[in-house]
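Predicted model and sequence below, questions to follow.
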Amino acid sequence: MTAVTPDSVDLKLVNLDRAAPRTFVVQAGSFGEHRFGEASVSGAAARAVDGRWLEVELRAWC
């Protein structure tokens with residue numbers, strides 16, 4: 001995490017594998033007790049999530 005506020009979290013994910021993409025599941029809270037409202041990638045327009053988990057797919061060497 002690079003920043004945490006009462007309304008948001010900035011998270012930086014990196015795939016260091018040069019050949020294979022990776023899929024990450026990010027959970028809202030230690031036990032999934034929170035919910036994501038929306039998510040955005042590198043400043044792009046936010047998309048609605050409305051869930052406890054968010055699946056992120058990173059290309060190789062991303």
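Cool, got the structure.

just for the protein, where's the confidence low?
Applying pLDDT under 70 to the chain picks out residues 62.

Can you show me the helices along it?
In the chain, no helices are defined using DSSP state H.

can you pull out the strands in it?
Remark: strands assigned in the chain by DSSP state E are 3-4, 9-10, 22-27, 36-39, 47-51, 53-58.

residue with max distance from the center of this structure?
Relative to the centre of the chain, and counting by CA atoms, centre = their mean, the farthest-placed residue is residue 19 at 21.2 Å.

returning to that earlier point: would you reformat the strands of the chain as a markdown table and include mean neighbour count?
Bear in mind the C-beta positions are built from the backbone N, C-alpha and C, glycine included. Shown next, in a markdown table, are the strands of the chain (neighbours: other CB atoms under 10 Å):
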| stretch | mean neighbour count |
| --- | --- |
| strand 3-4 | 10 |
| strand 9-10 | 12 |
| strand 22-27 | 12 |
| strand 36-39 | 14 |
| strand 47-51 | 11 |
| strand 53-58 | 13 |
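
just to revisit the earlier point, contacting residues around the closest residue in space to the residue farthest from the centre of the chain that isn't next to it in sequence?
With CB to CB, 6 or more residues apart in numbering as the measure, residue 60 is the residue that lies nearest to residue 19, at 5.5 Å, once sequence neighbours are left out. The contact partners of residue 60, taken as CB atoms under 8 Å, 6 or more residues apart in numbering, are 15, 17, 18, 19, 20, 21.

Isn't residue 13 up against residue 56?
Yes: if you go by CB atoms under 8 Å, residue 13 and residue 56 touch, sitting 6.0 Å apart.

Sounds good, over and out.
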